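Output the structure for:
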Amino acid sequence: MNSEVLKYVNEHQLSSVMNKTKWCELEKALNGSEDFIPYVRYKLIYDENPNAGFTTVWWHELLEIAETIEWLEVDPFKREWLGRLVADRVTDFSDVVSAQLAQYSIPYSIENGMFRIWGYLRRDESPEFI
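Residues are numbered from 1 along each chain as shown. A predicted model of the protein is given here:
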């Protein structure tokens with residue numbers, strides 16, 4: 001672990017939930033279905049707020065910053081644009097995501113309908129892990 005990250009984690013008394021191996025397993029878990037392409041957003045330990053919105057995952061970039069990810073949310077819904085006059089087709093992949101996370105024993109919570117994988121916990125946080 002980078003010494004600056006370690007110093008920040010210790011100063012802010014963060015509890016680690018994930019490690020490098022678990023982040024790599026998360027990549028395998030979320031790439032387990034050919035039909036589901038995950039969209040994610042995340043919050044880094046240094047940031048006040050998460051990144052702006054859900055985007056596709058660039059795993060090599062995500063794994064490079066994994067040691068600084070406070071949490072990562074996965075949108076379990078696939079939205080397909082059908083046209084301006086027709087509502088998007090929405091497919092729920094919650095069962096697929098939860099099964100894949102369970103297969104790799106990756107702890108998560110459900111926050112506002114999204115799967116949240118915790119990298120670190122702050123002292124005042126106590127999510128209900130599934």
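
rest of the way, CA atoms for contacts and neighbours
Noted.

where do the helices sit along this protein?
3-11, 20-30, 59-64, 94-103 (DSSP state H).

Which residue comes closest to the spatially most central residue of the chain once chain neighbours are left out?
By Cα atoms, centre = their mean, the chain has its centre lying nearest to Leu72, at 2.6 Å. Nearest non-adjacent residue to Leu72, counting by Cα to Cα, 6 or more residues apart in numbering: Tyr42, 4.2 Å away.

isn't that neighbour right next to Pro50, touching?
Yes. Between Tyr42 and Pro50 there is a contact under Cα atoms under 8 Å: 5.4 Å.

who has more neighbours, these two?
Tyr42 (23 against 16; other Cα atoms under 10 Å).

contacting residues for the more buried one?
Pro50, Asn51, Ile69, Glu70, Trp71, Leu72, Glu73 (Cα atoms under 8 Å, 6 or more residues apart in numbering).

Filter these down to just the buried residues.
Pro50, Ile69, Glu70, Trp71, Leu72, Glu73 (16 or more other Cα atoms under 10 Å).

Can you tell me which of these is nearest Ser15?
Within the buried ones among the contacts of Tyr42, proximity to Ser15 (Cα to Cα) peaks at Glu70, which comes in at 9.9 Å.

surely the closest one meets Asn51?
No. Under the criterion of Cα under 8 Å, Glu70 is not in contact with Asn51, lying 11.8 Å apart.

Give the residues shared as contacts by the two.
With Cα under 8 Å, 6+ apart as the test, Glu70 and Asn51 both reach Tyr42, Lys43.

quick one: the closest residue to Ile69 other than its chain neighbours and Ser126, what's the gap?
Computed as Cα to Cα, 6+ apart, the closest residue to Ile69 that is not its neighbour in sequence is Leu44, at 4.4 Å. Separation of Leu44 from Ser126 (Cα to Cα, to the nearest Å): 18 Å.
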